[in-house]
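Asker: From the sequence below, what's the structure:
(one chain, ligands or ions: 1)
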Amino acid sequence: MKASSQSAVAIAHPNIALAKYWGKRPYGHNLPAVPSLSVTLAGMATRTKVAFDDALAEDVFVLNGSEARGESLTRVSGLLDRIRKRTDIGTKARVESANDFPTASGLASSASAFAALAVAASAAAGLDLDRAVLSDLARRTSVSAARSVLGGFVELRAGKEGDEDLPATEIAAPNHWDVAIVVAVTREGPKDVGSSEGMKHTMQTSPYTDAWIERAPALFERVRSGVIDRDLSAIGPAVEQSALMMHAAAIAADPGILYFTGATVEAINAVRKMRKDGLEGYLTIDAGPHVKVLTRGADAERVAETMRAVPGVLRTIVARPGPGAHVES
Ligand code: 2P0
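Answerer: Numbering: from 1, shown residues only. Sure, this is the predicted structure:
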């Protein structure tokens with residue numbers, strides 16, 4: 001295949017896990033130790049262009065207008081290498097990626113970034129890969145990115161010994177259930193301990209690691225049934241426990257990893273008070289201080305208003321289920 005000027009653009013959206021992934025298997029290639037279930041979000045996107053170019057001596061990665069090197073370039077090149085291996089393309093690529101949502105918004109940009117990269121790079125290489133192969137390609141670079149390849153409600157099973165391929169699958173389309181995720185942003189500012197590093201440290205040093213790995217699958221199954229049945233009251237307690245158990249394992253590491261700020265705790269208490277007052281919503285928290293509330297679509301604005309009144313909450317973002325990654329037409 002001639003690769004002088006092959007390019008493609010892809011769009012992908014962030015996702016929020018309702019049943020959390022935290023920890024990798026000690027074997028295999030980037031296999032998650034627990035199953036996870038997420039909702040892909042509309043309204044926010046990563047747009048990535050990949051151009052294979054004979055004139056390049058090395059891969060180039062431009063993120064939000066600035067050239068990136070080091071670990072992020074290594075991860076991008078690793079995914080490109082896997083695409084190159086499937087073709088006879090030996091040329092390097094220029095990758096330009098931009099997010100239309102702020103990096104400190106509490107929405108993981110690596111999930112949408114690597115999902116968009118997998119889709120754009122394979123299209124630029126002239127490959128017509130199905131969703132499962134694209135999801136597996138993204139998963140090898142970042143586990144949560146496997147889920148952003150798919151739209152709506154998405155599951156990713158835990159890896160097991162001998163697994164080669166492990167793609168995420170869509171369990172329900174975006175319009176299956178009218179829910180919203182209200183993000184209560186509690187800090188604009190520097191990044192926390194990165195997820196890959198934080199989960200590795202948790203797995204290696206937390207006395208709660210075994211309990212987390214043992215209990216996470218049952219929580220995942222409860223979340224999965226609740227999504228299929230569109231039952232907010234059934235899913236909610238499992239969503240909250242999944243997030244808090246993940247954080248409890250991280251907090252118990254040596255030294256402990258605490259992603260919460262004071263505003264995070266205020267927001268947790270506010271969600272619980274809100275429920276007592278009759279407005280139903282359940283919280284989840286990722287590797288950062290922001291609190292995200294799962295609620296009915298019709299209640300989203302009232303929940304956002306409630307969260308904005310919490311001391312330390314700076315602003316809110318309301319997101320709804322959205323599509324998987326796709327080539328820009
Ligand atoms: C999740 N997180 O399920 C969990 C909950 C953060 C907290 O997946 O090492 O960037 O690239 O596989 O996918 C973020 O971790 O980690 C994440 P790697 P990733 O959404």
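Asker: which parts of this structure sit against the ligand?
Answerer: Residues of the chain lying near the ligand by Cβ under 6 Å from any ligand atom: 17, 20-22, 30, 36, 108, 110, 142-144, 195-196, 286-287. Where you see a C-beta, it was placed from the backbone N, CA and C, and this is true even at glycine.
Asker: Would you point out the most distant pair within the residues you listed?
Answerer: 30 and 286 (18.3 Å; Cβ to Cβ).
Asker: Which one's more surrounded, these two?
Answerer: Using other Cβ atoms under 10 Å, the more surrounded residue of residue 30 and residue 286 is residue 286, with 23 against 15.
Asker: Doesn't that one lie inside a helix?
Answerer: No. Assignment of residue 286 by DSSP: H, G, I helix; E, B strand; the rest coil gives coil, placing it outside any helix.
Asker: can you count the residues close to the residue nearest to it when sequence neighbours are not counted?
Answerer: Spatial nearest neighbour of residue 286, excluding adjacent residues (Cβ to Cβ, 6 or more residues apart in numbering): residue 108 at 6.4 Å. Counted with other Cβ under 10 Å, the neighbours of residue 108 add up to 22.
Asker: what's the answer for residue 10, then?
Answerer: 27.
Asker: same question, residue 71
Answerer: Neighbour count of residue 71, defined by other Cβ under 10 Å: 10.
Asker: what does residue 88 give?
Answerer: For residue 88, the neighbour count with other Cβ under 10 Å is 9.
Asker: same check, this time on residue 83
Answerer: The criterion is other Cβ under 10 Å. On that basis, residue 83 has 23 neighbouring residues.
Asker: Next: residue 55.
Answerer: By other Cβ under 10 Å, neighbour count at residue 55 equals 9.
Asker: do the same with residue 202
Answerer: So residue 202, with other Cβ under 10 Å, has 25 neighbours.
Asker: residues in contact with the helix or strand that contains it?
Answerer: For residue 202, the element it lies in under DSSP states H and E is helix 195-205. For helix 195-205, the external contacting residues (Cβ atoms under 8 Å, 6 or more residues apart in numbering) are 22-24, 33, 108, 110, 142, 144, 192-193, 209, 212, 249-250, 253-254, 257, 259, 286-287.
Asker: mind saving the C-alpha coords of it as CSV?
Answerer: The C-alpha coordinates for helix 195-205 follow below in CSV (Å, rounded to 0.1, in the frame of the first residue of the first chain):
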residue,chain,number,x,y,z
SER,A,195,-5.2,6.9,36.7
SER,A,196,-2.6,4.4,35.4
GLU,A,197,-0.2,5.3,38.1
GLY,A,198,-2.8,5.6,40.8
MET,A,199,-4.3,2.2,40.1
LYS,A,200,-0.9,0.5,39.9
HIS,A,201,0.0,1.9,43.3
THR,A,202,-3.3,0.8,44.7
MET,A,203,-2.9,-2.7,43.4
GLN,A,204,0.6,-3.0,44.8
THR,A,205,0.1,-1.5,48.2
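Asker: Doesn't residue 158 lie inside a helix?
Answerer: No. Under three-state DSSP, residue 158 sits outside any helix and is assigned coil.
Asker: mind listing what the closest residue to it other than its chain neighbours touches?
Answerer: Using Cβ to Cβ, 6+ apart and skipping residues adjacent in sequence, the residue nearest residue 158 is residue 35, 4.8 Å away. Contact analysis of residue 35 by Cβ under 8 Å, 6+ apart lists 19, 21, 155, 156, 157, 158, 216, 217, 220.
Asker: If we use 7 Å, what do you get?
Answerer: 19, 155, 156, 157, 158, 217, 220 (Cβ atoms under 7 Å, 6 or more residues apart in numbering).
Asker: Understood, closing this out.
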